[in-house]
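In: what follows is a predicted structure for the sequence shown.
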There are 2 protein chains.
Amino acid sequence: MSLKPARYLFLTLLFLSLPGQAQIDREDPAYQWDLQGLFVDIDAWDQERQRVLGEIDKIARFRGTLDESSAALHEALRFISDTYQEALEVYVYASLQQDEDLRNTAAQERNQLAEAMFARFSQATAWMDPELIAAGEERIRDFIAENNDLAPFRHQLDNTLRQAEHTLGAEAEQALSYFSQPFDAPSAIYSIIANSDIPFPEITTPAGDVVRVDSQGYGMLRSHPERAFRKQAFEAFWNTWLDYRNSVGMVLNSHIQTQVALASARNFDSVLERELFEDKLPEAVYRTLVSEVNKALPTLHRYFRLRARMLGLEQMHYYDIYPPLVELDAEFDIESSKRITLDAMDMLGDDWVNRQREAIEERWMHVFPQQGKRSGAYMQGSAYAVHPFVLLNHNDDFDSLSTFAHEWGHAMHTLYARQTQPFETAGYATFIAEIPSTSLELILQQYMAGRAQSVDEKLFYLGYSLENMRGTFFRQTMFAEFELALYESVERGDALS
Amino acid sequence: MSLKPARYLFLTLLFLSLPGQAQIDREDPAYQWDLQGLFVDIDAWDQERQRVLGEIDKIARFRGTLDESSAALHEALRFISDTYQEALEVYVYASLQQDEDLRNTAAQERNQLAEAMFARFSQATAWMDPELIAAGEERIRDFIAENNDLAPFRHQLDNTLRQAEHTLGAEAEQALSYFSQPFDAPSAIYSIIANSDIPFPEITTPAGDVVRVDSQGYGMLRSHPERAFRKQAFEAFWNTWLDYRNSVGMVLNSHIQTQVALASARNFDSVLERELFEDKLPEAVYRTLVSEVNKALPTLHRYFRLRARMLGLEQMHYYDIYPPLVELDAEFDIESSKRITLDAMDMLGDDWVNRQREAIEERWMHVFPQQGKRSGAYMQGSAYAVHPFVLLNHNDDFDSLSTFAHEWGHAMHTLYARQTQPFETAGYATFIAEIPSTSLELILQQYMAGRAQSVDEKLFYLGYSLENMRGTFFRQTMFAEFELALYESVERGDALS
């Protein structure tokens, strides 16, 4: 990639911009997603929800017909798939609206209604897998071979047959299907405790601003250059969590026990086996990742020593992990983030860049933080016939730019999948979902480091890359290792406390 | 009942006693339960737990044998019942120890291990009911008729046969059996949030004491004679709950959804039907209670008007419900509570009184509040071969005396059941469990009112009786009505918020 003068100029100007100078109007509707592509209003949403519930009730009429003929099988799968797609749009609308302001109880209720609709969908389709398995692999394969209409459903049918050993009979599957909401209860409860009810304290920054140290505030303050202050922010945040360790511990315990029970109920030896089986992953993938991360720990520790030296610290503490190795006085407002990302993605070719350029100007994103909004960032790609939606909490630092690139990695993945695949096969496994998103982050880091105008600027981006590797490669794997230890402890019959 | 001078004297003396004069040493081990009758120490407990787990694993060998002969059926039921009884003792020990100090994480862990043991028991016996039902009612009845050893199991077998329609096949029952802990998760989470993590504030009483307004403090302060202060206590308590309404609401929602799912999974039309079916109660019992309470609301409102007049209030508020109608300057320390209760129970006959006199001097009770102890009061009667245990939080007011009588109603019920019934039939349904306990309260109230030395004293006890009727008859039924409304809302597919 060659350094293009125009872009260089742009970056230079950008780095000279000072806080507060941005021309962005954060109230501009252009920075909020437009949900009217889903439903014109809440009434229309509720009408569709009622209609979909009616469709779900009709699914029962296909029971007992799946092995009659390939045409009968296709008719059932087509109807159920269409209903599922419609249900997803109802869900996406309620879920996005809820995340705009988690304090809005009417929106919470609508989200619950959407979840109840999915619970009913699970109950209405619980007989299907047992019936397909009872029909026999040979018969299903013959149907697929003779009827091209079944092509979009081949993957789903393969999966059902593959899972025969872990699928119970119709009565047991029906019984389990009633519990889809209770099984998710620990994560729903955790989300409310963490996002709504824990009274995180306020602290005063060295600049005199009063900031609440909730997860958003913590995310901002933990990288503060003044060590004593970020230590204070760490303590304010984690000591508040400490006050709720019993509740949150019990919620985690309930989640672990639910997962262990689900694995046992479906004849898996362990939660690990169940999790890997769903994506058809060999256990070696997981074990190799964990053992490679453990082997590479000396590299991680070398990074920490480097970090301590560059920050001038005798002894690294947890609260010294987040500040950048060198400071960068630059802002990346949302418009700069768009321009830089597009420019960096040049290496992915014109088709990508043109498509992304068009997409990021649509009202698919909810860009800025606001009171009650869900923290963090995500891409919601389940409304197949509409388009992906992106939630950000953009605050003009490089991390916001990097998150922008990351979420757009997901969104572009979704757009390309939609172009190539019908609804039935446009989804992707969690295991590969993070590849496009982290790829875009890496491309962006390489691009920024390559264009750095000073040693310090270059060090900033290289340091960011190192920190990214710690967070994504080391830390995430350590989470997975810790999670496995929890599951194995409960599987052995031990107690968690 | 005649007024006996000796008792009259005793009461007079008692009423002259002043706060602080009591001779009771609250640290005296005599006021703490002795768990050594269960296990000499934690090591012995853990050894027994391991042994019981081994016994539970042996239950599998009875699978497929239940319909072989009445002797085979008896052998299986006897082994399983004995194992269950042993498991209960392991559980009671861990549970009582945990309740002494809910902050003790080692005790929490042991309680979890005991619960995990029960989960394993459920899993190990999930095949039984389907197998008995498959054997057929006629065959089981023949076995009962021909083999007297089965007599203790007749009730259990009747119940199993009665539940045939709501019992699934072995595979489905096995699948559901893995979830006994997850299904209880909402109540476990609620208990931790309420008892351990919500930071209830402290307030200063008019007497200058600083009291934490947690559920124990609230229970004490809500009846304070100074209206402005008890209003302050109410607000301190309920406004703190208000801060956690989203979390606690989500926990309640999860509980409701779990119960609705359990009813659906077992072919009940509603949670109400399932709850009543378990105790073989006709729905009319529930409906009649609710409609009678609603019909009697004018009486409740008349009581509130009387209360307002006696307290000299223009307008009753929620915080005016608890103060006594007249003040009574009397203390009922634990020793007086014992004496008064025994004296009041004279009408129940010598056998009762002698038995209770002996029992209350044993170390079966944990009497006094201490930091971290579970609030409220209960009787734990599951250690059949040992004796009942009673947890109190005695604080020397009449309510403490009344609670003492109430819990001993449960304990005496348990003692008489143990004397008359083998382990298998010594249990009793929740529906009748409160009859002995509330009977003892009523007897006590009648006794106290009958011995009152002044109009005010008599009014105190009559007022207490009225308040008791509000709490037990009106309020509990209103809880039941509210709970039903929650279930019916979710059963209709509505959302709770």
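Out: Ah, there it is.

In: okay, now the residue of the stretch 351-497 of chain A found nearest chain B: neighbour count?
Out: Using C-beta to the nearest C-beta, the closest approach of the stretch 351-497 of chain A to chain B is made by A:A495 at 3.6 Å. Glycine gets a C-beta too; all of them are placed from N, C-alpha and C. Using other C-beta atoms under 10 Å in any protein chain shown, A:A495 has 18 other residues around it.

In: how about it, what does it touch?
Out: B:Q108, B:E109, B:R110, B:Q112, B:L113, B:A116 (C-beta atoms under 8 Å, 6 or more residues apart in numbering or on different chains).

In: can I get the buried part of those residues as one PyMOL selection?
Out: In PyMOL syntax, the buried subset of the contacts of A:A495 is picked out as below (16 or more other C-beta atoms under 10 Å in any protein chain shown):
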select buried, chain B and resi 108+109+110+112+113+116
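
In: returning to that earlier point: for the residue of the stretch 351-497 of chain A closest to chain B, phi and psi?
Out: With angles defined as degrees, to the nearest 10, A:A495 sits at phi -100, psi 150.

In: what ranges do the helices span in the stretch 151-300 of chain A?
Out: For the stretch 151-300 of chain A, applying DSSP state H, counting those that start in this stretch gives helices covering A:154-162, A:170-177, A:180-192, A:215-221, A:227-243, A:245-265, A:271-278, A:283-295, A:297-311.

In: closest to B:E165 out of those?
Out: With C-beta to C-beta as the criterion, B:E165 lies closest to helix A:170-177 of the helices of the stretch 151-300 of chain A, at 13.5 Å.

In: model confidence over the closest one, on average?
Out: Throughout helix A:170-177, pLDDT has a mean value of 96.

In: pull the distance from it to the chain's centre.
Out: Distance of helix A:170-177 from its chain centroid, counting by C-alpha atoms, centre = their mean, to the nearest Å, is 29 Å.

In: next, the angle from it to helix A:180-192.
Out: 20 degrees (axes from the mean of the first three to the mean of the last three C-alpha atoms, to 10 degrees).

In: summarise which helices and strands helix A:170-177 is packed against.
Out: Where contact means 3 or more C-beta pairs under 8 Å, 6 or more residues apart in numbering or on different chains; DSSP states H and E, helix A:170-177 is packed against helix A:105-125, helix A:128-135, helix B:170-177, helix B:245-265.

In: so which bits of that helix are buried?
Out: A:A170, A:E171, A:A172, A:E173, A:Q174, A:A175, A:L176, A:S177.

In: could I get those in TSV, plus columns for distance to A:N294?
Out: Below are the buried residues of helix A:170-177 laid out as TSV (distance: C-beta to C-beta, whole Å):
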residue	distance to A:N294
A:A170	44
A:E171	45
A:A172	39
A:E173	39
A:Q174	43
A:A175	41
A:L176	36
A:S177	40
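
In: now, among those, which is nearest to A:R309?
Out: Checking the buried residues of helix A:170-177 one by one against A:R309 (C-beta to C-beta), the nearest turns out to be A:L176, at 55.2 Å.

In: quick one, what contacts the residue nearest to A:G136 when sequence neighbours are not counted?
Out: Using C-beta to C-beta, 6 or more residues apart in numbering or on different chains and skipping residues adjacent in sequence, the residue nearest A:G136 is A:D67, 7.9 Å away. Neighbouring residues of A:D67 by C-beta under 8 Å, 6+ apart: A:L73, A:E131, A:L132, A:A134, A:A135, A:G136, A:R139.

In: ok, now A:L252?
Out: A:P186, A:Y190, A:L486, A:L496.

In: again, but for A:R274
Out: Going by C-beta under 8 Å, 6+ apart, the list of residues near A:R274 reads A:H166, A:Q259, A:L262, A:A263, A:R266, A:F268.

In: over to A:F368?
Out: A:R26, A:Y31, A:I334, A:L392, A:N393, A:H394.

In: packing partners for the longest helix anywhere in chain A?
Out: When chain A is parsed with DSSP state H, its longest helix is helix A:70-100. With contacts defined as 3+ C-beta pairs under 8 Å, 6+ apart, the packing partners of helix A:70-100 are helix A:42-58, helix A:105-125, helix A:137-146, strand A:365-366, strand A:378-380, strand A:389-391.

In: could you report the separation of the residue nearest to A:A170 when sequence neighbours are not counted from A:F153?
Out: Among residues not flanking A:A170 along the chain, A:P130 sits closest, at 4.3 Å (C-beta to C-beta, 6+ apart). According to C-beta to C-beta, to the nearest Å, A:P130 stands 17 Å off from A:F153.
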